[in-house]
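Q: Have a look; sequence and predicted model below, questions after that.
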Amino acid sequence: MDIATIIGLLAGTALVLGSILLGGSILPFINIPSLMITVGGSVSALLINFSLARVLSVLSVLKNCFFVKLPDANDVIEQFTEYAKVARRDGLLALEKKLDEIDDQFLKRGLELVVGGSSREELASMIETEIVYIEHRHENGKKILDSMAAAAPAFGMIGTLIGLVQMLRTLDDPSQIGVGMATALLTTLYGAVIANLFCIPLAGKLEMRSQQEIMIRELMMSGLGSLVDGHAPPVVTERLCAFLSTSSRPESSVQAA
Amino acid sequence: MDIATIIGLLAGTALVLGSILLGGSILPFINIPSLMITVGGSVSALLINFSLARVLSVLSVLKNCFFVKLPDANDVIEQFTEYAKVARRDGLLALEKKLDEIDDQFLKRGLELVVGGSSREELASMIETEIVYIEHRHENGKKILDSMAAAAPAFGMIGTLIGLVQMLRTLDDPSQIGVGMATALLTTLYGAVIANLFCIPLAGKLEMRSQQEIMIRELMMSGLGSLVDGHAPPVVTERLCAFLSTSSRPESSVQAA
Amino acid sequence: MDIATIIGLLAGTALVLGSILLGGSILPFINIPSLMITVGGSVSALLINFSLARVLSVLSVLKNCFFVKLPDANDVIEQFTEYAKVARRDGLLALEKKLDEIDDQFLKRGLELVVGGSSREELASMIETEIVYIEHRHENGKKILDSMAAAAPAFGMIGTLIGLVQMLRTLDDPSQIGVGMATALLTTLYGAVIANLFCIPLAGKLEMRSQQEIMIRELMMSGLGSLVDGHAPPVVTERLCAFLSTSSRPESSVQAA
Amino acid sequence: MDIATIIGLLAGTALVLGSILLGGSILPFINIPSLMITVGGSVSALLINFSLARVLSVLSVLKNCFFVKLPDANDVIEQFTEYAKVARRDGLLALEKKLDEIDDQFLKRGLELVVGGSSREELASMIETEIVYIEHRHENGKKILDSMAAAAPAFGMIGTLIGLVQMLRTLDDPSQIGVGMATALLTTLYGAVIANLFCIPLAGKLEMRSQQEIMIRELMMSGLGSLVDGHAPPVVTERLCAFLSTSSRPESSVQAA
Amino acid sequence: MDIATIIGLLAGTALVLGSILLGGSILPFINIPSLMITVGGSVSALLINFSLARVLSVLSVLKNCFFVKLPDANDVIEQFTEYAKVARRDGLLALEKKLDEIDDQFLKRGLELVVGGSSREELASMIETEIVYIEHRHENGKKILDSMAAAAPAFGMIGTLIGLVQMLRTLDDPSQIGVGMATALLTTLYGAVIANLFCIPLAGKLEMRSQQEIMIRELMMSGLGSLVDGHAPPVVTERLCAFLSTSSRPESSVQAA
């Protein structure tokens, strides 16, 4: 999934650059002051609205979203069927040896609670806190990207208006009209690219990632609950697949098609 | 219903092409780089937001929507009246012979459950899973088409801005101004056609199809329930027509008008 | 109420035409290809989204809305006071003679049920079905008009873009620039008039009509209920006026002002 | 509060006119046909959507809003403390003499009910009817102003498009281009002023007035209830102030600042 | 947090001014009549909609938002752990000595209630009133800033239309075309800067501040409740941290990162 995002970002950037290079040099499209007013102005608006820490946090949320891979739903189901077998044969405490093999922090903490003898209520309270955390983190990132997607074209327009006013005041030198207007339009172009190629799709991405992460966490929770209740391995598999069916089987079957 | 969609697509395309041909050649309206930035840019934005599998799934959802015909409500009612007669005369097991005649997978599975002696609760849980599946599939498609409908005009504008900047830098050759600006405007035209002739109406179509499919599934469910309860054939007919009346009689009577 | 709609349609059309004629001939404003792309394109988009039957149904809904007059609330109250007197004096069956005088199909069917001895529950189920029918019919019409109001300006813009591209390619004949651009702008003008003078206000009209029709139906239902319960004539009048007061007295008193 | 509205209307109009006069004569800005298409077209759209009576009712709602002063919350509290003293000393019937001093129709009717021995339930039903009436009246006015705020710029654009088409057809007389385009833009200017200086703020005003009127009515109702329950004067004052605190103390304290 | 807002305001203003100065003198960008129509017109629209007192109140809300620092959540937790120790050792009355050290009015009033022996119900009613007050105050400010953000670009456009009409009437002096159009565009520039650099981000800021203030108040309330219930100091710390975790730990941990 992360691959599609990276392909999209690269392809989109390549298409915009390619479309510029097809028509001539890229040099007239690079203008530091235009970039300053569009990006700088938008970031200033973000700083007024949010705190510095929150604006920066969007970077770590996005990094996390690209480089931390979510466990696959089918792998998780296999894993839990395996755990259920171990628990049946050797008791819950035997799962302690499995803890070292687990990379996912959430699953590790959950399994520790199960091995430590926590009740279903304690597990349920843990997942609720975790889901609130995930939603809060992604929603915060989405809000900042949405604000940026609205601010960038607005500051692009402000930059273009400033450029137009300056160009219109020097109409007496006709050879400069075109260059002046071209430069004025650059900020609008920057604003449109920032909003439509980066901010809007990445905000949508964060929303999707949030849904997927919550789904995986609920799947794990359901598996941990089955271990506590001491279900037989085939029951665990069936219950997790049933759980999968209502919220994600449609998508996974589409992916298989 | 699918015919109206195909007529609409053909007529709309013909009108746009006709309107171009009335004013001259179609050649100036075909520009591969313009198409690349508009379509390619929008698809890149979709890839960033959604996974590759989900973007591609929209094609299969649309294909399904065009080529898989929904059973007609009145045919379904007739069919169930017939089943009720058979069940009355020869018992539920006699319906097994009817299974081979059924094309619709959902109805077939439902009837198998009835013949196999499932309870109303098992049937109800089946329809819920199915409706979640239908809604999820169509909503996913609608979301992607809506994103495309928003992205296409945006990338059209980006293409036009790039073209304008390039054109404005070469104002010294006045004979090229018109051609440059015409080419710049092409991407905006492409974006507007993609959004308004294809994406927006098809997204609306998916929403309507979803409602109709759910209605037909609920009608079938009601009929299967009547078979389980062993209602007399006239009661089955009456109950299904009553069901039809509140959610769809208005439309069918309008169609009859 | 219908008169205001017809006056509005005529006055709006007259103002647009008058404003054209004040500035010169109307001929340059009539352009069949421009009309084709704007109206034809929008209708194509509607056909893709809705079925042919539903698109056509909007015409019958609008015709009904203009030419079928709703009974006046005060007349209905008088009528029911009269019925209550008859029922008190000669029994519910005596109302059978009144049936022939009633034009309104809904009221007639309701009174037949009352004369036939139906219970309040049967009456209540009838009104619910009727209100669902009214809402469904008007909402369907409103949805199509809303889609048309969004599609017409979009296809107007598509037509203008096509015209602009063609005009810009023939800049070498300056005498044709103005005419070309004027023709290009026509589709935008058509789209704006279709949306703002016809589709948007008519969609609002359908919503209002829906509310009024439901109010009248509920008033009738309340009166029929009073007949079944055998209320005295003054009680009937009072109950219906009280009913009126919360949802429509404000408006009727404003109309009286 | 009404004074701020009147100051706003006068100041806004003066600023627009002043800004015109600073740049030259006001004559080029007065154009009867432009006014006809913008105002006439918008009113036509309103007539199609609403009935004539409802469109006219907006005038009486606005007049009422400007010229009928709402009783001040603190005055009302003082008044009720006074009534409570009279009722304690001489009984509820002694309040009859106070009736002649009351201007506010709502309060008068309420006090008559209290003197006449109505129960709390009868009072509660009265306030509900009254609040529905107030909300309905203001909401109706707000809806019409909102429609006007959307229609005026749209018809302004229609007028501008008509003017542009006519101007573009006569490009051969360059001296008339500027005048033609200036006249064409007038309708857009009219539409923008009508929407932004009059309709949008007045619609917001109606909403605020509605909230304030309901708050005052609820305050009166609370006071009438205290009289029925025979609370001591200080208790009445305290209860009304407490009531005030949650919904309006913030604002009144800000006004005091 | 206030520092980010001030940095944002300064940086945004500096970027806009810098971008102007890079292209030449700032003088052509200062135009009193343009400022009058944009700012004056928007403020007039606000006055029509809101009362004078409410429009002015936005200034005090903003001032409060910049200069009154919210207590830090961790400090508050430390403080309450300290109070719990004192209360354990010397009884609730011993907290009276702490009252003088407290700057925060809300906490001071709350602690007085606790020392005075108020029940949990009295404390709960106090926080509810306070939260309604905070929400009302910030929402009022946000509403006015939102109205300003919508009105400023609209009056900017009105100013530009007036300028364009005047400029177009004097096309015969070509040397003035550029200057006239540049001046006309100034109001649009002013409107865009007012809306996007000031009103929209500040409105967002008020909403965030409102959320933070409510969170701190609820944290304090929870601490006061713990004092009333006589919890041990470690329990107080744990309960307040747990409270913190669901609604704000994500953010604070991000800030720590």
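A: Great, that's in hand.

Q: what about stretch A:68-81 and chain B, any contact?
A: No: using Cβ under 8 Å from any Cβ of the partner chain, stretch A:68-81 stays clear of chain B, coming no nearer than 11.7 Å. C-beta here means a position set from N, CA and C on the backbone, and glycine is covered the same way.

Q: Show me which positions of the helix or strand containing A:Ile20 end up buried.
A: Element membership of A:Ile20, judged by DSSP states H and E, is helix A:2-22. By 16 or more other Cβ atoms under 10 Å in any protein chain shown, the buried positions in helix A:2-22 come out as A:4-5, A:8-9, A:11-12, A:15-16, A:19-20.

Q: Could you pull up phi and psi at the closest residue to chain E within the stretch 101-250 of chain A?
A: The minimum distance from the stretch 101-250 of chain A to chain E, using Cβ to the nearest Cβ, falls at A:Leu171 (3.5 Å). When read as degrees, to the nearest 10, the backbone of A:Leu171 gives phi -60, psi -20.

Q: and it, what is it in contact with?
A: Each residue near A:Leu171 by Cβ atoms under 8 Å, 6 or more residues apart in numbering or on different chains is listed here: A:177, E:175, E:177-178.

Q: One more pass at 6 Å, please.
A: A:Leu171 sits next to E:Gly178 when contact means Cβ atoms under 6 Å, 6 or more residues apart in numbering or on different chains.

Q: cool, A:Leu161 as well?
A: E:185, E:189.

Q: Can you list phi and psi of the residue in chain A sticking out farthest from the centre for me?
A: For chain A, the largest distance from the centre (Cα atoms, centre = their mean) belongs to A:Asp172, which lies 50.8 Å off. A:Asp172 has phi and psi values of phi -70, psi -20 when expressed as degrees, to the nearest 10.

Q: Identify the residue nearest it in space, chain neighbours excluded?
A: Spatial nearest neighbour of A:Asp172, excluding adjacent residues (Cβ to Cβ, 6 or more residues apart in numbering or on different chains): E:Ser175 at 7.2 Å.

Q: any idea how far chain B is from that neighbour?
A: From E:Ser175 across to chain B, the span is 20 Å (Cβ to the nearest Cβ, to the nearest Å).

Q: picking that back up, any idea which helix or strand comes after the helix holding A:Ile20?
A: helix A:32-35.

Q: on that earlier part again, quick check: the residue farthest from the centre of chain A vs E:Gly116, distance?
A: Separation of A:Asp172 from E:Gly116 (Cβ to Cβ, to the nearest Å) stands at 79 Å.

Q: Any part of stretch A:18-34 near chain B?
A: Yes: using Cβ under 6 Å from any Cβ of the partner chain, stretch A:18-34 comes into contact with chain B via A:19-20, A:22-24, A:28.

Q: tell me the angle the host helix or strand of A:Leu62 makes with helix E:2-22.
A: A:Leu62 belongs to helix A:52-67 when assigned by DSSP H and E. Angle, helix A:52-67 to helix E:2-22, by axes from the mean of the first three to the mean of the last three Cα atoms, to 10 degrees: 90 degrees.

Q: For the following helix or strand past helix A:52-67, the averaged confidence score.
A: For helix A:52-67, the succeeding helix or strand toward the C-terminus, using DSSP H and E, is helix A:73-90. Model confidence over helix A:73-90, given as mean pLDDT, is 89.

Q: List the contacts of helix A:73-90.
A: Residues contacting helix A:73-90 (Cβ under 6 Å, 6+ apart): A:94-95, A:219, A:223, A:227, A:233, A:236-237, A:240, A:244.

Q: who's in contact with the residue most central in space within chain A?
A: In chain A, the C-alpha nearest the mean C-alpha coordinate belongs to A:Leu206, at 3.0 Å (Cα atoms, centre = their mean). Taking Cβ under 6 Å, 6+ apart, we find A:Leu206 in contact with A:138, A:141-142.

Q: now these in JSON lines, with neighbour count, secondary structure and pLDDT?
A: Shown next, in JSON lines, are these (neighbours: other Cβ atoms under 10 Å in any protein chain shown; DSSP: H, G, I helix; E, B strand; the rest coil; pLDDT from 0 to 100):
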{"residue": "A:His138", "neighbour count": "23", "secondary structure": "helix", "pLDDT": "84"}
{"residue": "A:Gly141", "neighbour count": "26", "secondary structure": "helix", "pLDDT": "89"}
{"residue": "A:Lys142", "neighbour count": "20", "secondary structure": "helix", "pLDDT": "92"}
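
Q: Dump these into JSON lines; add distance to A:Tyr190 as well.
A: What follows is those, written out as JSON lines (distance: Cβ to Cβ, whole Å):
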{"residue": "A:His138", "distance to A:Tyr190": "27"}
{"residue": "A:Gly141", "distance to A:Tyr190": "22"}
{"residue": "A:Lys142", "distance to A:Tyr190": "22"}
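
Q: got CSV for these, with distance to chain B too?
A: Formatted as CSV, the contacts of A:Leu206 follow (distance: Cβ to the nearest Cβ, whole Å):
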residue, distance to chain B
A:His138, 14
A:Gly141, 14
A:Lys142, 12
